[in-house]
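Visitor: no sequence on this one, just coordinates:
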């Protein structure tokens, strides 16, 4: 697996870079903010990369360091988040900023990313929190929340689905029955 590449920049535009290594010139998709920080064409650079196969086309994605690369691989492995959307996220957020946005459920910040609306941002928070083992910072779980989570899982919903539904309806003022009723409404077709 290719993990980094060193070469001479032949051309760069926001979101894309061409890197010459020997007789080959690689076309590499990069976060548009990363392009701004690269040296001018003709200079040598080392970047972390990963390669994806889309249909019959190989696409190479590049990053300033392995932290961004690992975040990209994690994001692109999530349901309905492909490499391009993962790249858009990393163009607006560093891996640390993204983790903080997920931890605090900053749906409005995540919704600023092209291709991510409020519903997808909520889902992204739930999925990433589950994958990263993050705890909510602004909302403590009450015993009622925990009971509702267990009840939904016992009804056959995945932990991620149950977590997503509860995070959207939990205010801390409901009793268990009311919380379950609200959460179950999230699963019924509108």
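Guide: Sure, I can see it. Since the structure is predicted, the reported quantities are computational estimates derived from the model, not experimental observations. Residues are numbered from 1 along each chain as shown.
Visitor: use CA for all of it now, contacts and neighbours both
Guide: Fine.
Visitor: so what's residue 49 up against?
Guide: 2, 3, 4, 5, 60, 61, 62, 63, 69 (C-alpha atoms under 8 Å, 6 or more residues apart in numbering).
Visitor: Which of the residues you listed fall in helices?
Guide: Under the assignment DSSP state H, the contacts of residue 49 contribute residue 69 to helices.
Visitor: So which of the contacts of residue 49 wins on neighbours?
Guide: Counting neighbours by other C-alpha atoms under 10 Å, residue 62 leads the contacts of residue 49 with 28 neighbours.
Visitor: Residues contacting the one helix or strand in the chain whose mean pLDDT sits lowest, please?
Guide: Scoring the helices and strands of the chain by mean pLDDT, DSSP states H and E places helix 159-169 at the bottom, with a mean of 80. Here helix 159-169 makes contact (C-alpha under 8 Å, 6+ apart) with 122-123, 126-127, 130, 145, 148-149, 152-153, 179, 182-184, 186-187.
Visitor: Pull out the buried residues from these.
Guide: 122-123, 126-127, 145, 148-149, 152-153, 179, 182-183, 186 (16 or more other C-alpha atoms under 10 Å).
Visitor: now, among those residues, which is nearest to residue 43?
Guide: Nearest to residue 43 among those, counting by C-alpha to C-alpha, is residue 127 at 39.4 Å.
Visitor: quick one: the closest residue to the closest one other than its chain neighbours from residue 4, how far?
Guide: Leaving aside its chain neighbours, residue 127 sits nearest to residue 160 (6.4 Å; criterion: C-alpha to C-alpha, 6 or more residues apart in numbering). According to C-alpha to C-alpha, to the nearest Å, residue 160 and residue 4 sit 33 Å apart.
Visitor: Give me the neighbour count for residue 79.
Guide: Neighbours of residue 79 (other C-alpha under 10 Å): 10.
Visitor: now it, what's its secondary structure?
Guide: On the three-state scheme (DSSP: H, G, I helix; E, B strand; the rest coil), residue 79 is labelled coil.
Visitor: what's the pLDDT at it?
Guide: Residue 79 is assigned a pLDDT of 87 by the prediction.
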